[in-house]
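K.L.:
Just to be clear, the model below is a prediction. Sequence and coordinates:
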Amino acid sequence: MILTRMLTKKLTSFWLMSLAGVAFIGFLTAMFSFFQLTYAFQQQKVSELEGMLQQQLAVSVAPEDKWQLNNWLPPVLHAYQAKSFILTKDNATFFEFKAKKPQSAGVRYSSDLGDGLVMELVLPQPFNKHEMGAYEWLIILIGCIAVALFVRFGFRWLSDELIGIEDLAQRANLILSGKRDKALAEKGHGRPRMINRAMTQLLLELHDAHKERARFDQFIRANTFLDAETGVGNRLFLKNRLDALSNNSGMMTPGVLYLFEMEDLDLLTREIGDEEVNEILSQIIATINQILVSKANSIFSRRSYNQFAVVVPQISQKEADQLAAKLLRASLSQIDSLLDTPDDFLHLGGAYFKVGDDKDALVEEAELALRSAQFQGGSSWFMYDKGAVDGDLSKGSVRWRSFLESVLVSKRVFLFSQPVVDGDFNAHHQEVSCRLRDTQGNLVRATLFLPMAIKCGLTPQIERQVIEMVLFDVLPKQKDTSLKFSINLSLDTLTSRAFVRWLKTTLLEYRHLVPRIIFEVNEDILVNNQDVLTEPLDMISKMGAGICVDRVGQQVVSTEYFQRYPISLIKLHRSIVSQIHLRAENQLFVRSLIAGLYRLDVQICAEGVEVFEEWQTLQILGVSAGQGSFFSEPIEET
């Protein structure tokens, strides 16, 4: 709005200068006209005096008759305020008059009256006849005050009118910059008021339309991937998520799959009714969700009417046994508190898996474990054991903390980058990940150490080293100065005040490299921590770095957060991308997401692209870039 104020001042100054110029020109014209009129009036008086003398002297010009001039000429000269008057005949003075009071020099008139008579008359300056008195000064003062008040009133009126235009311009600037919520909140006193009210009405309708669009998107996603009765994931959701946890070589991370089943749930429904059974299911689901809150990236879905599935990655076999007992105990406590059920009403079977296990065999093992639990009698659980103990995960927290601290001190963090490719197979940016090297020289993958780093509270230190390596080593060595690098940030990192202060200082120091950095945050973190993350993400965006949301589609959530954060890029979760050319429901989700991003300057990428058919389908749907083994595997940065 500085430009509007400058234009206001310029317009007012131009107006005042124009008014002053017109007044000055009018004053000069009046002054010159006054001079000319006074001189012409004085000249007319001299001409009248000449005429009277010529008439008088034409009657009697004898010297003895000169006293006849004394009878009438002096009063006339006094009336003219003449300074002196000399009438000569043949260079001899015929009549002479001088004012009693000496006066300053005036205007001299010399006229030849004929017959040797010459008149010389001295009159005062015509515009000095009257001196300025108090009355005249009072009139001038009142006139100047009136003009000043009029100018002041005009300036205030113009400023007030232009303030309304400034308010309209400010709201328009907020709308153009994408801050429509702020433009709606700051209604101001825009003028013309009809335009201001129209803008408010349109913003309200647009806000409602965005909400309705987000609800519609969530409705599509919910009806595609969620169970209508319970609100948890359905069988398709479970299949997509298991596909995302695996590749052609098998499972990419260790974990456990639980199947738990309620015996004779249909008979119980006929006995007590649908409402009571739904209440039981709601209580059990709420209890299980509460237990799974502390388990990152866990999956909870309904496979059939009476069977549910839980997948928990990044967990040791000992912890899997403890979690199975906890899930069964908590579920039974909820059932027992609501009604009396048979002792063998609930059974749980689990199958532990490690890296490289086949996902289809994993489901069969979990079903075998469930049948074994049912054969045992009573409400019990059974874990399918094939010796799949991950030695690294079986380490205790103390050993993990010692290992991670040793890695941080000796800086045994190694960067790997994987290209994100656009439609022309050009590098859009490079996503940076890290691995740790142990004392034996083996690389420890991120899927293994990150959960332990979160437990030990060392995630901010690890991610800080990654950012330092990218800023200090990777970016300065790149020949392509336009290539960008993306770095993942966790919730613990973004909520650490010490880390945010360090990041702000570092980005200021290396601000010439900041536009080449993109920070990635999980969608689940953004949705559930909006109040906490708004400030640090705004700071990152204002510094010039990009904000990317990854794992979009992993959970069924509303997309309203796109309006709150300064997001420039999103990445589809591999569960949506996997075999998308064969899954119409996943294609529907992508279409809905792209439609919801209409008019937002947000690019859509896909991660986990493994085959050409997936990439071809994604391009047809409107996805601008892709990442995965189809393009390139992660490469170590040297």
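P.N.:
In hand now; what should we look at? Everything quoted here is computed from the prediction, not taken from an experiment. Numbering: from 1, shown residues only.
K.L.:
What ranges does the stretch 501-638 of the chain have for its strands?
P.N.:
For the stretch 501-638 of the chain, applying DSSP state E, counting those that start in this stretch gives strands covering 517-522, 546-552, 569-572, 603-607, 625-627, 635-636.
K.L.:
Pipe those strands into TSV and attach distance to residue 420 and mean neighbour count per row.
P.N.:
Placement of C-beta: from N, CA and C, glycine included. Listed next are the strands of the stretch 501-638 of the chain as TSV, based on distance: least, C-beta to C-beta, whole Å; neighbours: other C-beta atoms under 10 Å:
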stretch	distance to residue 420	mean neighbour count
strand 517-522	10	22
strand 546-552	10	22
strand 569-572	8	26
strand 603-607	6	23
strand 625-627	4	26
strand 635-636	13	11
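K.L.:
quick one: which of those strands is nearest residue 352?
P.N.:
Residue 352 lies closest to strand 546-552 among these, at 24.3 Å (C-beta to C-beta).
K.L.:
what's that closest one packed up against?
P.N.:
Helices and strands touching strand 546-552, by 3 or more C-beta pairs under 8 Å, 6 or more residues apart in numbering; DSSP states H and E, are strand 485-488, strand 517-522, helix 523-528, helix 530-543, strand 569-572.
K.L.:
Contacts for it next, please.
P.N.:
The contact list for strand 546-552 (C-beta atoms under 8 Å, 6 or more residues apart in numbering) reads 484, 486, 488, 517-524, 526, 537, 540-541, 565-573, 576, 593, 607.
K.L.:
Okay, now the sheet partners of it, with direction.
P.N.:
Strand pairing for strand 546-552, using DSSP bridges, gives strand 517-522 (parallel), strand 569-572 (parallel).
K.L.:
CA atoms only for the shortest one - export them in PDB, please.
P.N.:
This points to strand 569-572. Output of strand 569-572 as PDB, limited to C-alpha atoms (Å, rounded to 0.1, in the frame of the first residue of the first chain):
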ATOM      1  CA  LEU A 569       5.300 -29.700  -3.800                       C
ATOM      2  CA  ILE A 570       3.500 -32.900  -2.700                       C
ATOM      3  CA  LYS A 571       4.600 -36.600  -3.200                       C
ATOM      4  CA  LEU A 572       2.100 -39.400  -3.500                       C
END
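K.L.:
Not counting it itself, show me its contacts.
P.N.:
518, 520, 546-553, 590, 593, 597, 602-607, 623, 627.
K.L.:
Same question for the first one.
P.N.:
Contact with strand 517-522 is made by 429, 431, 470-471, 475, 484-489, 494, 533, 537, 540, 545-551, 554, 568-569, 571, as judged by C-beta under 8 Å, 6+ apart.
K.L.:
again, only this time at 6 Å
P.N.:
With contact meaning C-beta atoms under 6 Å, 6 or more residues apart in numbering, strand 517-522 is reached by 484, 486, 487, 488, 489, 540, 545, 546, 548, 550, 551.
K.L.:
right, and the helix or strand after the helix or strand of the chain with the lowest mean pLDDT?
P.N.:
Across the helices and strands of the chain, mean pLDDT, DSSP states H and E gives its lowest value to helix 193-225, namely a mean of 68. Heading C-terminal from helix 193-225, the first helix or strand you meet, by DSSP states H and E, is helix 235-244.
K.L.:
my guess is residue 401 meets residue 456, correct?
P.N.:
Yes. Residue 401 lies in contact with residue 456 (C-beta atoms under 6 Å); the separation is 4.5 Å.
K.L.:
circling back: any idea which of the helices and strands packed on strand 546-552 scores lowest on pLDDT?
P.N.:
Of all these, the minimum mean pLDDT falls on helix 523-528 (a mean of 86).
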